[in-house]
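Asks: quick one: sequence and predicted model below, then my questions.
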Amino acid sequence: MKILPLISLLIFTMLSCSTTGEPLDNNPINTVSKTITFESKDGLTITADLYQIEHDKGFIVLCHQAGYSRGEYLETAKKLNELGFSCMAIDQRSGSSANNITNETAKLAKKKGLSTDYLDAKQDIEAAIDYAAQLNNGQQVFLVGSSYSASLVLLIATNNDKVKAVASFSPGEYLTGVNLATSIADISIPIFVTSSKGEIGQTAGVIKNINAGKVTHFKPEVTGIHGSRALWSSTDGNETYWNAFTDFLNR
């Protein structure tokens, strides 16, 4: 008669170890991502990681810096999920890899002989906004950029009514043939900008023509780092960036 309790214990243990991707009771946010693809404006296949949760506060499109991939947001996207936001981290055609994740969009663009300059990635971000808006039931989305894409998201958001707000980490005059400070002067949605401490002046120059009432410029007292890596747990003072960024998102 002692066999039945042992069998019950074995079944319970097996079920407890099951990895179904469902959230645990003590961790109600499911931060498991899935890799998806969709087409850019010119038909190039874009690869992205989708971190979508139920009953979110909003949907955020995450764009990486030069030489990187969607892997730049492995840690950041999961924390944004914990804060109540769904996310989609994309591979733009200008990039390479980050956190051991290859930029599949850039890899395919090179295979097809397509140009992969910074401005060429503009259409990838625009396509991602369209796709994210569909996933978000037609509602506007948040847009986050890092380094060169921090400049692109500001440029795009100036004339895109599907974007609700923008966070720009280390923007600069990186776009050939474009005067960014002049081009984004009429942006009318809320903007969050930040950078490393050494880049504060550069960032201020980019946003100088925007209505000051629309801009939250977080100027770190810590050394910080270039791009959205400021949010990585490995960056000293990352919590100060997170505090400012979270306050902006919640507003």
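Replies: Nice, thanks for sending it over.

Asks: and the strands in the stretch 1-150 of the chain?
Replies: With DSSP state E, counting those that start in this stretch as the criterion, the stretch 1-150 of the chain has strands at 34-39, 45-51, 58-63, 85-90, 97-98, 101-102, 141-146.

Asks: for this structure, just list every one of the helices.
Replies: Counting by DSSP state H, the chain has helices at residues 3-16, 74-82, 104-111, 122-135, 148-157, 180-183, 200-207, 238-250.

Asks: so which of these is nearest Phe59?
Replies: helix 122-135 (5.5 Å; CB to CB). In short, each C-beta sits where N, CA and C put it, glycine included.

Asks: off-centre distance for the closest one?
Replies: Centroid separation between helix 122-135 and its chain, computed with CA atoms, centre = their mean, to the nearest Å, is 12 Å.

Asks: need the winner for burial among the helices of the chain.
Replies: Highest mean neighbour count of those: helix 148-157, a mean of 27 (counted as mean count of other CB atoms under 10 Å).

Asks: can you give me the pLDDT of the spatially closest residue to Leu83 that is not a sequence neighbour?
Replies: In this structure, Leu83 finds its nearest non-sequential neighbour in Thr246, 6.2 Å apart by CB to CB, 6 or more residues apart in numbering. As predicted, Thr246 sits at a pLDDT of 98.

Asks: for Ser188, find the nearest of the strands of the stretch 1-150 of the chain.
Replies: strand 141-146 (14.1 Å).

Asks: state the mean pLDDT of that closest one.
Replies: Per-residue scores along strand 141-146 average to 98.

Asks: and for stretch 164-171?
Replies: Here the average pLDDT along stretch 164-171 is 98.

Asks: so, low pLDDT: which residues of the stretch 151-251 of the chain?
Replies: Along the stretch 151-251 of the chain, no part satisfies pLDDT under 70.

Asks: can you redo the strands of the stretch 1-150 of the chain as a markdown table with mean neighbour count and distance to Lys214?
Replies: Listed next are these as a markdown table, based on neighbours: other CB atoms under 10 Å; distance: least, CB to CB, whole Å:
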| stretch | mean neighbour count | distance to Lys214 |
| --- | --- | --- |
| strand 34-39 | 14 | 30 |
| strand 45-51 | 22 | 28 |
| strand 58-63 | 25 | 18 |
| strand 85-90 | 26 | 21 |
| strand 97-98 | 20 | 30 |
| strand 101-102 | 18 | 34 |
| strand 141-146 | 28 | 14 |
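
Asks: identify the residues contacting the residue nearest the centre of the chain.
Replies: Centroid-nearest residue in the chain: Leu62, 1.7 Å away (criterion: CA atoms, centre = their mean). Counting by CB atoms under 8 Å, 6 or more residues apart in numbering, Leu62 touches 70, 72-73, 76-77, 87-90, 144, 228.

Asks: what separates it from Ala48, distance-wise?
Replies: For Leu62, the distance to Ala48 equals 9 Å [CB to CB, to the nearest Å].

Asks: nearest to Thr194, out of the strands of the stretch 1-150 of the chain?
Replies: Closest to Thr194 of the strands of the stretch 1-150 of the chain, according to CB to CB: strand 141-146, at 10.8 Å.

Asks: who touches the closest one?
Replies: With contact meaning CB under 8 Å, 6+ apart, strand 141-146 is reached by 58-65, 68, 72, 85, 125, 129, 132-133, 151-154, 156-157, 162-171, 227-229, 249.
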